[in-house]
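Engineer: A predicted structure for the sequence below; I have some questions about it.
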Amino acid sequence: MYHLRVPRRRPIVILFVPVPIILLVCLLEALGLTARAGARIYDLFLRLEPGPPIARELLLVDIDDRAIAVAGAWPWSRDVLADGLLVMKELEARYAVFDTPFSGRAPPGVDRHILREELPLQVSGEIDRIQENVRSLFDAIRRGSIRPADSPRYVAELVGLIAAGKTRLLDAVARVERDSDEYLGQALRLFEGSFLAVELDTSLGASPPSTAELLPLEHFVLPNVSAAGLPLLWARGLFLPAPSVGEGARGGGFREVVVDPDGVVRRARLLASYRDRAVGQVAFAALLERMGKPAVSVSADSILLSWEVAPSSPSRELDIPLTPEGELLIDWPHARGGSLLRRLSWLDLYQNVQLEADLVAALQEMDRTGYLTYYRSDPPLLDLYASSVTMRSEILSSGDTSRLAEWRDARARFFALADALLNGDVEQRIVSDAERSLSMEGPTDEEKAAIRATRERAPELFRKAREHLAGLVRIRQSLREALSNSFCVVSVTGTSATVLGETPLGRPTTTGYASAALANALLTGRFFRSVPRWYSVVAAGVLSLLLAATLLRARPARSLVAGVAAAVGLCAAALAVLVFARIVVDPTAPAGCALLVGSAIAAVKARQDRVERSDW
């Protein structure tokens, strides 16, 4: 007699399959391995999601290779930065965040206005005065107005006049050299909305000597921050800019961002603690000023900005979410968003200054040849320019910005008059007068030679001056469009820049670009919120058990497909949550558990089937 064997399936065993997998995932989480995998998945998600909107007022001002090639190797003289900053102020930029530190004193600089404009005029004037005095003395002796016996007294007077001229020239030469730190500090004060980078020392040990004592600390700390008892980034040292530079700035902050072990910059700190005072990230500090100095309240998972409003009005608040470590996830701009950050090379600012100097030099040369007498204006063209330069010097030295509008108006009038001179009929009248004089019988041969030289030189001088003016007008128009009402982040981006690492999008980044990305997030109010990692671990455990219960009686192939489908679905859900809800969920643990549980259950079921077939 034969007996039929019944298959010995034990589906209850399937419920215990997830247990070792969950324990394994917990171990990997404790070792930080799932966090590394999750970071890579996060990077991939950022490449897939649309980029953030771009704040129109945000402008990256790059000290790039093009600027360095023209202005010289970095670091530059601080005069170059001060000149550019004054151009930014004239063209009505609102804020300038300097990502480069200014610690230590800089060597003396050169006042290019005195060197290229005032000094040549003064030297020319003194030489002309000496020549005229010598000529007058010898003419008087020749005519007999001065007796030879009296000539020593007049010669002594002439020597005295020459000595006085020498003293004036030496004084002018001495004024060519200037304190570049003081000049930059004056430009920063005139700009009004300038913020400088400070250096934090976050190493362990006793506090080192710090330059913080050299400047008022209130310059670089945030006044309205409530963060008692919270673990902010702690600094034992704060290294401030050189005193004459830092005193001119509105404020400042640190530059440091978080670089992960894999070299990718994903997060940044917005606040640090120094001597029980709060120091802001430099772009964050500037934005608080731009936003009207809101009160800052820090909690374990967010920074809340709040503004005082009328009692009958709803309160104004901006909630900035933080990770459990107290950091802000950076929403990096990229082309998938349809636009990128606006950028401007410092080369444009530098060339603006150079073209202006070239234009003035050309006008001065035309003045020495007498061409400017053909154009009458009140005040005269070069006098108006000299007046604007004097006005700027007075504003810089006094710090009184009430005359800024008058200064801008004087410069606008100068450029308008220069355009009327160079593009009007002055050149034509000069040439016509010269030709008319040459056709007359009166002038001597020597006088006619001088008239011909005047006629032949005019076209070349006017051509060069027009080229300088056209280039200057073109670059000023471009700069005005870029700078007007802008929030500027100034940083070194050339080959001499310190590259921190890469963005999640694979692009090399610097602290300046990170500051711009943070500023864009704050200006647009667009942030990522992150879910604590233990949420993912708990979800992984629960989903593993649910998946095991669901697959209790499924066939091996179906169990494997279900595990793969669950892992893919969880990743897709995490991407959808990031894109549509701006919430970052790490799918590594739940997706990994789903894949491993499905695979393990498929393997267990396949083995059970083989045993049952062999028993059969």
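Structural biologist: Cool, got the structure.

Engineer: the strands in the stretch 51-200 of the chain, which residues?
Structural biologist: Applying DSSP state E, counting those that start in this stretch to the stretch 51-200 of the chain gives strands spanning 58-63, 95-101, 109-110, 177-178, 194-201.

Engineer: now those in JSON lines, with distance to residue 365?
Structural biologist: Heads up, the C-betas are built off the backbone N, CA and C, glycines and all. Formatted as JSON lines, the strands of the stretch 51-200 of the chain follow (distance: least, CB to CB, whole Å):
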{"stretch": "strand 58-63", "distance to residue 365": "33"}
{"stretch": "strand 95-101", "distance to residue 365": "35"}
{"stretch": "strand 109-110", "distance to residue 365": "21"}
{"stretch": "strand 177-178", "distance to residue 365": "25"}
{"stretch": "strand 194-201", "distance to residue 365": "36"}
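
Engineer: next SSE after the lengthiest helix in the chain?
Structural biologist: Looking across the chain with DSSP state H, the single longest helix is helix 445-483. With elements assigned by DSSP states H and E, the helix or strand that comes after helix 445-483 is strand 487-492.

Engineer: for that following strand, packing partners?
Structural biologist: Where contact means 3 or more CB pairs under 8 Å, 6 or more residues apart in numbering; DSSP states H and E, strand 487-492 is packed against strand 58-63, strand 95-101, helix 282-290, helix 511-524.

Engineer: quick one, which of these gets closest to residue 14.
Structural biologist: helix 511-524 (46.7 Å; CB to CB).

Engineer: now the closest one: buried residues?
Structural biologist: Neighbour counts over helix 511-524 (16 or more other CB atoms under 10 Å) mark 511-523 as buried.

Engineer: follow-up on the earlier one: mean pLDDT lowest for which of the strands of the stretch 51-200 of the chain?
Structural biologist: Comparing mean pLDDT across these, the lowest value falls on strand 109-110: a mean of 57.

Engineer: from the buried residues of helix 511-524, which two are the most distant?
Structural biologist: 511 and 523, at 18.3 Å, using CB to CB across those.

Engineer: any stretches of the stretch 1-150 of the chain with poor pLDDT?
Structural biologist: Applying pLDDT under 70 to the stretch 1-150 of the chain flags the ranges 1-13, 104-126, 137, 142, 147-150.

Engineer: what's the spacing between stretch 386-400 and its chain's center?
Structural biologist: 26 Å (CA atoms, centre = their mean, to the nearest Å).

Engineer: can you point out the buried residues in that stretch?
Structural biologist: In stretch 386-400, counting by 16+ other CB under 10 Å, buried: 386, 388-389, 391-392, 395-396.

Engineer: out of those, who's nearest residue 29?
Structural biologist: residue 396 (58.8 Å).

Engineer: what secondary structure does that closest one sit in?
Structural biologist: Of the three states, residue 396 takes helix under DSSP: H, G, I helix; E, B strand; the rest coil.

Engineer: what's the neighbour count on residue 328?
Structural biologist: For residue 328, the neighbour count with other CB atoms under 10 Å is 26.

Engineer: repeat for residue 478
Structural biologist: Residue 478 - counted by other CB under 10 Å - has 14 other residues nearby.

Engineer: wait, it sits on residue 348?
Structural biologist: Yes - with contact defined as CB atoms under 8 Å, residue 478 reaches residue 348; the gap is 6.7 Å.

Engineer: show me how this protein divides into domains.
Structural biologist: For the chain, automatic domain parsing gives the domain ranges 11-51+528-615, 112-178, 344-485.
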